[in-house]
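> Everything below, folded, please.
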Amino acid sequence: MTNLFEKITPENMFDSGDLKILICYLLAALSGPVPVTETAQLFHYEGISNYFDTQTAIAQLERDGYMVPTETSKDMYEITPKGIALSNTLKDTVSTALRDKVYNAVLKMLLRYKTERDTNITIEKTEGGALLTCKVENLGQILFSFQLLLPGIPQAQALKSQILEDPKYYYDSFIKTLTEGIKK
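Modelled structure (predicted):
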């Protein structure tokens, strides 16, 4: 017997209902809220399903009680016990390659989402250029914050993009610079 999930292509996944099972599997595997709009975009860009089919599947899963929006955001969804039961039908039939592709792609998306949520960067035009203000939080605690006066908006935008790619690097560098030479 051939595995149905070995040759899934975006155009046939939704018709078979397998997309709904895959979405529930993903929510169950991550065991936490997932931003569904970004998930639909991710499925599209990764070649798993097209954006509109994924959004339709998400709407049907919500309507049928397999997933629910969180209290804090209309775009963040959690799986229900009914959805977990549906996801269990996939465990034995999904190909490892597809499961890993979806899981790893969504983990990257969630990391980016968390980074953007925890890193607040504003840019303000001033007489001397552009003032970049950065505040990085973790679990509601401010890890560090700083302000830099840069020559202009383009330089501030470039630095903002760079910081958002890896705020931990900037935090680590900041700590290393401040503690260099301190005797233990």
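> Where in this protein is the helix or strand with the lowest mean pLDDT?
Within the chain, confidence by mean pLDDT, DSSP states H and E is lowest for helix 10-13 among all helices and strands, at a mean of 45.
> Would you mark the buried spots in the helix or strand just after it?
With elements assigned by DSSP states H and E, the helix or strand that comes after helix 10-13 is helix 18-30. Within helix 18-30, the residues scored as buried using 16 or more other Cβ atoms under 10 Å are Asp18, Leu19, Lys20, Ile21, Leu22, Ile23, Cys24, Tyr25, Leu26, Leu27, Ala28, Ala29. Using the backbone N, CA and C atoms, a C-beta is placed for each residue, glycine as well.
> so what's the third one scoring on pLDDT?
Per-residue confidence for Lys20 comes out at a pLDDT of 84.
> what does the last one give?
Predicted confidence (pLDDT) for Ala29: 77.
> okay, now the residue nearest to it when sequence neighbours are not counted: neighbour count?
The shortest distance from Ala29 to any non-neighbouring residue, by Cβ to Cβ, 6 or more residues apart in numbering, is to Tyr103 (5.9 Å). Neighbouring residues of Tyr103 were enumerated by other Cβ atoms under 10 Å; the total is 14.
> Would you mind giving the domain segments of the chain?
The chain breaks down by automatic domain parsing into domains covering 4-94, 117-179.
> got the CA positions of the longest helix along the chain in CSV?
Longest helix of the chain, by residue count under DSSP state H: helix 96-118. Written as CSV, here are the backbone C-alpha positions of helix 96-118 (Å, rounded to 0.1, in the frame of the first residue of the first chain):
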residue,chain,number,x,y,z
THR,A,96,8.5,12.1,7.6
ALA,A,97,9.7,14.5,4.9
LEU,A,98,6.4,16.4,4.8
ARG,A,99,5.9,16.4,8.6
ASP,A,100,9.5,17.7,9.1
LYS,A,101,9.1,20.3,6.3
VAL,A,102,5.9,21.7,7.8
TYR,A,103,7.1,21.5,11.4
ASN,A,104,10.5,23.2,10.8
ALA,A,105,9.0,25.9,8.6
VAL,A,106,6.4,26.8,11.3
LEU,A,107,9.0,26.8,14.0
LYS,A,108,11.0,29.4,12.0
MET,A,109,7.8,31.4,11.5
LEU,A,110,7.0,31.3,15.3
LEU,A,111,10.5,32.4,16.2
ARG,A,112,10.2,35.3,13.8
TYR,A,113,6.7,36.1,15.2
LYS,A,114,8.1,36.0,18.8
THR,A,115,11.1,38.1,17.9
GLU,A,116,8.8,40.8,16.3
ARG,A,117,6.5,40.7,19.3
ASP,A,118,9.3,40.9,21.9
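> Please name every helix or strand in contact with that helix.
Using 3 or more Cβ pairs under 8 Å, 6 or more residues apart in numbering; DSSP states H and E as the contact test, the elements touching helix 96-118 are helix 18-30, strand 34-35, helix 36-45, strand 129-138.
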